[in-house]
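> quick one, fold the following:
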Amino acid sequence: MTVEGRMGADAISGSNEFLSWGTRSDVGLVRSHNEDSFLLRTPLFVVCDGMGGHAAGEVASSIAVETIGEQAPGTADDVLLGAAVEAANLAVIKGAEDGVGKPGMGCTATAVLISKNKMAVAHVGDSRAYMLHHGTLVRITHDHSYVEELVDSGQITADEARTHPSRSIITRALGSDPDMYADHFSLEVSDGDRVILCSDGLSSMIPDSDIEAVAVSSATPQQAADNLVGAALTAGGSDNVTALVVDILNDGVADATRSQLTKRIFAIAGILLATVAVCLAGVLFFIRNEWYLGVSDGNVAVYQGVNADLLGLPLYDLVSTSAVATSDLPTSVQDQLEAGIRVQNQESAQQTLDSYSQQISDEKSRAQEVAVEARSGSDPTVETATPTDTTTSDQSEGD
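Numbering: from 1, shown residues only. Next up, the predicted model:
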C-alpha cells in the first residue's frame, strides 16, 4: 500500500556529509489519532510510541522527544544518552502531575546518537532499533514486554509474539516509575550501514525477515521508511506506525587509518587461517586413520572416518556395504552399530564382519538341526545360542 499523500502520514528527510535520513509516521488504518512522536535533530534520532489514549499518549511521546532533544549529549556517549531518556521519564511523570495530558500516560523511547563511526543507543519499551550491515538485519534493542520474556524463556517464538494476545503489555516505559532506567550501549558503525528505528506498529505487523527485505531493496532512507510503513499498512495497519531510517555515508575514518586497519586485519586473518589450516590438517589426518562399522540400507557397512558431522558436512566415507543384515544380529549389537563400532583398520573391520557372518550361519544351522530333530520325533537337546554381543573380530569356537 502506498503512503504517498495519505492524511496523517508525516515524512521528513535530509542529509549531510556523514548521514542521510528519512522518516514516515502514519496513524494506521484503525486508530483515530497518532500517538507516535519522532525527532530528527542530527546526529540525534528518536522514536517514541505514546500510550494512554487520546490527549495522553501523544502528549507523553511529545514531552519525551522534546526532553531527550534538550538533554542529549553532543557526542555518542551512551551513558549520557540513557540519562536523557531517564530525564524524559521524569518529565512525562511531572506533566501528568501538572495536568498536562492525563494521569497514567506514558510512552516508549528508542534513541540513537551517531558520531562518525560510533553510535550511542538508549532504549525503553518495545519500540525498536535495527541495523542493516552488509545486507543482514540485526535487532540491536531488546523489547521490555511480556511477550519478549516469553520468547526469552522459550515458551513462544518471535513470530508467535507478534500475534500473541498479550503483546501490548509493556514491562518498562516512561511515565510511571520515577526510578525507571534506560538500557544503553554503544556500537561501531561504518560506511553503508543502515539504522532503522520504529514503533511496534511496524514490528508487530511484519516479521524481521520482511523488514530486512524492504531495507535491502530500498535505495534511499526515505524510500525505505515509506516502503516499511506501506508494508505495515498492507499487513493490516492496526496501530500507529513510524519508521525512521538513517544511512551512514561517511564514518569519518581516514583513508590512511582504514588502509592501516585493513592491513592489520589481513595480517591477523593470515595468522588465523594458517593456524586453522594446521589444525584442520591434523583433524583430517586423524579422521583418515579412523575406521568404524555402521549401518547402510539395513546392512552392516564399513566406514572410514568418524561417525559425526561438522557444520552439516559428514566426517566419514562409506567404503563398503556387507551382506550381513543388521536384523540378524542381537539388539545390543544393532544399537552399537547405529552409534558406530570403532575398529583399528579396514582389515579389522573385515574380520569383525566375518565373525558376524559366521555367528549368524552357526545360528541358522543350529536352528535347522533342531527343526529336523523335532520332525523326526526325537527329543532334541536344544542349546541356547545367541550371537555374541561383540564389537571385535574375536570368535568363540563351538565344541
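
> so what's the residue count around Ala323?
Look at Ala323: counted by other CB atoms under 10 Å, it has 8 neighbours. Every residue, glycine included, has its C-beta placed from N, CA and C.

> touching, it and Asn299? I think so.
Yes. Counting by CB atoms under 8 Å, Asn299 is a contact partner of Ala323 at 6.7 Å.

> residue ranges of the helices in the stretch 251-399 of the chain, please?
255-288, 331-339, 346-375 (DSSP state H, counting those that start in this stretch).

> need the ones you listed in a markdown table (columns: distance to Val214, mean neighbour count and mean pLDDT).
Below are the helices of the stretch 251-399 of the chain laid out as a markdown table (distance: least, CB to CB, whole Å; neighbours: other CB atoms under 10 Å; pLDDT from 0 to 100):
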| stretch | distance to Val214 | mean neighbour count | mean pLDDT |
| --- | --- | --- | --- |
| helix 255-288 | 30 | 10 | 72 |
| helix 331-339 | 47 | 15 | 85 |
| helix 346-375 | 56 | 15 | 84 |
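
> what is Thr136 paired to in the beta sheet?
His133 (DSSP bridges).

> quick one: it from Leu311, how far?
19 Å (CB to CB, to the nearest Å).

> looking at those two, which is more packed in?
Each of Thr136 and Leu311 has its neighbours counted (other CB under 10 Å); Thr136 has more, 9 against 4.

> do you know the pLDDT at that one?
Looking at Thr136, its pLDDT stands at 97.

> confidence-wise, which helix or strand of this structure is lowest on average?
When the helices and strands of the chain are compared on mean pLDDT, DSSP states H and E, helix 255-288 comes out lowest with a mean of 72.

> re earlier: now distance to Ile114 too, for the helices of the stretch 251-399 of the chain, in JSON lines please.
Formatted as JSON lines, the helices of the stretch 251-399 of the chain follow (distance: least, CB to CB, whole Å):
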{"stretch": "helix 255-288", "distance to Ile114": "18"}
{"stretch": "helix 331-339", "distance to Ile114": "54"}
{"stretch": "helix 346-375", "distance to Ile114": "62"}
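
> quick one: closest of those helices to Glu160.
Comparing these against Glu160 with CB to CB, the closest turns out to be helix 331-339 (35.2 Å).

> just the CA atoms of the helix or strand hosting Phe45, as PDB, please.
Counting by DSSP states H and E, the element that carries Phe45 is strand 44-51. Presented in PDB, the C-alpha positions along strand 44-51 are these (Å, rounded to 0.1, in the frame of the first residue of the first chain):
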ATOM      1  CA  LEU A  44      20.300  12.600  17.300                       C
ATOM      2  CA  PHE A  45      17.300  10.400  16.200                       C
ATOM      3  CA  VAL A  46      14.400   9.400  18.400                       C
ATOM      4  CA  VAL A  47      11.200   7.400  18.100                       C
ATOM      5  CA  CYS A  48       8.600   7.400  21.000                       C
ATOM      6  CA  ASP A  49       5.300   5.500  21.000                       C
ATOM      7  CA  GLY A  50       2.700   7.000  23.200                       C
ATOM      8  CA  MET A  51       0.300   5.100  25.500                       C
END
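
> partner strands of that strand and their direction?
Partners of strand 44-51 in the sheet, by DSSP bridges, are strand 36-41 (antiparallel), strand 106-107 (antiparallel), strand 109-115 (antiparallel).

> for the record, mean pLDDT for the first one?
Averaging pLDDT along strand 36-41 yields 97.

> list the contacts of it.
12, 14, 21, 23, 25, 45-50, 58, 61-62, 64-66, 68-69, 107, 111, 197, 199, 201, 240-242, 244 (CB atoms under 8 Å, 6 or more residues apart in numbering).

> show me what contacts the residue nearest the centre of the chain?
The chain has Val138 as the residue nearest its centroid, 8.4 Å off, counting by CA atoms, centre = their mean. When contacts are counted by CB under 8 Å, 6+ apart, Val138 touches 130-132.

> Val30: which element?
Assigned by DSSP H and E, Val30 belongs to neither a helix nor a strand.

> what's the neighbour count on it?
11.

> on that earlier part again, got a markdown table for the strands paired with strand 44-51, with mean neighbour count and distance to Asn289 too?
Shown next, in a markdown table, are the strands paired with strand 44-51 (neighbours: other CB atoms under 10 Å; distance: least, CB to CB, whole Å):
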| stretch | mean neighbour count | distance to Asn289 |
| --- | --- | --- |
| strand 36-41 | 22 | 64 |
| strand 106-107 | 31 | 65 |
| strand 109-115 | 26 | 55 |
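
> dump those strands to JSON lines, plus distance to Ala76.
Shown next, in JSON lines, are these (distance: least, CB to CB, whole Å):
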{"stretch": "strand 36-41", "distance to Ala76": "14"}
{"stretch": "strand 106-107", "distance to Ala76": "23"}
{"stretch": "strand 109-115", "distance to Ala76": "4"}
